[in-house]
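Chemist: structure for the following, please:
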Amino acid sequence: MTFERVLFPVDFSDRSRETAPYVRELARRFDSEVLLMHVLQFVTPPYGPAPETGYLVVDQMQMLHEQRRQEFETLFEDEFAGIRVRRNITEGDPAHEIIDCATTERISLIMMPTHGYGPFRALLLGSVVAKVLHDAACPVWTSAHTEEVLTHPPQAWRRILCAIDTNADDIRVAKWACELATEENAQLCFAHAIHDESLSANAHDKLGEVIGPSARDRTVTVAVGHPEDVVREAAAKYQADLVVIGRGVIQKRLGRLRSRAYAIIRESPCPVISV
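Modeler: Residues are numbered from 1 along each chain as shown. Predicted structure coming up:
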């Protein structure tokens, strides 16, 4: 298990600054190279009776872009001291540019915050995060979707929860979580949601096949409820530092994003890595 190159898209928000300690600590543990990325967006000038209105907007955007370029050159300079860092600033659609960069640079892990401000926005993921989760081929780390990101220490993961289903695709997810737990010397447990209590015994049997012999001594929670509720409660019970979930394969139905992945990320009390 290694994260050779980590992509950290930043937008100069408080969320980006709160996520930086997690990126720094992971890079230190895995000796990762961090690729800091910022995408400048061009705003289409509004229609109006005076052409000067459009020119004014363009001038303002150019000034903002130049200011951002200068700020980006020294962004997180102190936070990432002693870590190999490269910087990439470009223009375009943020999600598209992030996916393209992750593919071109052979990124091992994308780390980015969600935007869970307030009681209503907490119900939604940022559009850029949603697109990256759907299209990225590599694992994606997302911060806890709460108003306070730093609810868990950014240091080594001590307790990892893996949310799995009983289909063959999740064998890969379970194996990935086992390798990560071994590398981090962390406790690992599994959680699975069922619709009816009568399915519990059958679920345990199928989960044994998914988890495999090497992990059958791990704690497995099978509970009735929606996956996001079961995972949230299990993560709180085990005081998990990280939740691991699967996102599927792009060519299959629902693309890379499982039907409940958004909800699990929104409800998780700790960061999530989707693989």
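
Chemist: run a quick neighbour tally on the residue lying closest to Arg15 once chain neighbours are set aside.
Modeler: Of all residues not flanking Arg15 in the chain, Pro113 sits nearest, at 3.9 Å (CB to CB, 6 or more residues apart in numbering). C-beta: built from backbone N, CA, C; applies to glycine. With neighbours defined by other CB atoms under 10 Å, the count for Pro113 comes to 27.

Chemist: what's near enough to touch Pro113?
Modeler: Pro113 is in contact with 13, 15-16, 18-19, 129, 142-143, 149, counting by CB atoms under 8 Å, 6 or more residues apart in numbering.

Chemist: between the residues you listed, which is closest to Arg69?
Modeler: For the contacts of Pro113, the minimum distance to Arg69 (CB to CB) is 16.3 Å, reached by Ser16.

Chemist: okay, and that closest one sits in which element?
Modeler: When elements are assigned from DSSP states H and E, Ser16 belongs to helix 14-30.

Chemist: look up how far His38 lies from Gln67.
Modeler: Distance of Gln67 to His38, computed by CB to CB, to the nearest Å: 12 Å.

Chemist: on that earlier part again, lowest pLDDT pick from the contacts of Pro113?
Modeler: Of all the contacts of Pro113, Val149 has the smallest pLDDT value, namely 49.

Chemist: quick one: the helices in this structure?
Modeler: Applying DSSP state H to the chain gives helices spanning 14-30, 51-74, 94-104, 118-121, 127-135, 169-184, 200-211, 227-237, 261-267.

Chemist: quick one: mean pLDDT over the longest one.
Modeler: Averaging pLDDT along helix 51-74 yields 73.

Chemist: ok, now stretch 30-37?
Modeler: Stretch 30-37 shows a mean pLDDT of 96 in the predicted model.

Chemist: and the contacts of that stretch?
Modeler: 2-10, 23, 26-27, 72, 75-76, 80, 83-90, 97-98, 101, 105, 107-109.

Chemist: which residue ranges make up each domain of the chain?
Modeler: 5-141, 159-274 (automatic domain parsing).

Chemist: worst-scoring helix or strand of the protein, pLDDT-wise?
Modeler: Every helix and strand of the chain was ranked by mean pLDDT, DSSP states H and E. The lowest is helix 118-121, at a mean of 45.

Chemist: returning to that earlier point: among the contacts of Pro113, which one sits closest to Ala193?
Modeler: Ranked by distance to Ala193 (CB to CB), the contacts of Pro113 are led by Thr142 at 19.9 Å.

Chemist: quick check: that closest one touching Cys270?
Modeler: No. Assessed by CB atoms under 8 Å, Thr142 is found out of contact with Cys270, at 10.5 Å.

Chemist: those two: who's more crowded?
Modeler: Thr142 (24 against 21).

Chemist: now do the contacts for the more buried one.
Modeler: Thr142 touches 112-114, 129, 133, 265, 271-274, counting by CB under 8 Å, 6+ apart.

Chemist: let's see that with 7 Å instead.
Modeler: Thr142 makes contact with 112, 114, 129, 265, 271-272, according to CB atoms under 7 Å, 6 or more residues apart in numbering.

Chemist: and it, how far from Val23?
Modeler: Distance of Thr142 to Val23, computed by CB to CB: 12 Å.

Chemist: all set, thanks.
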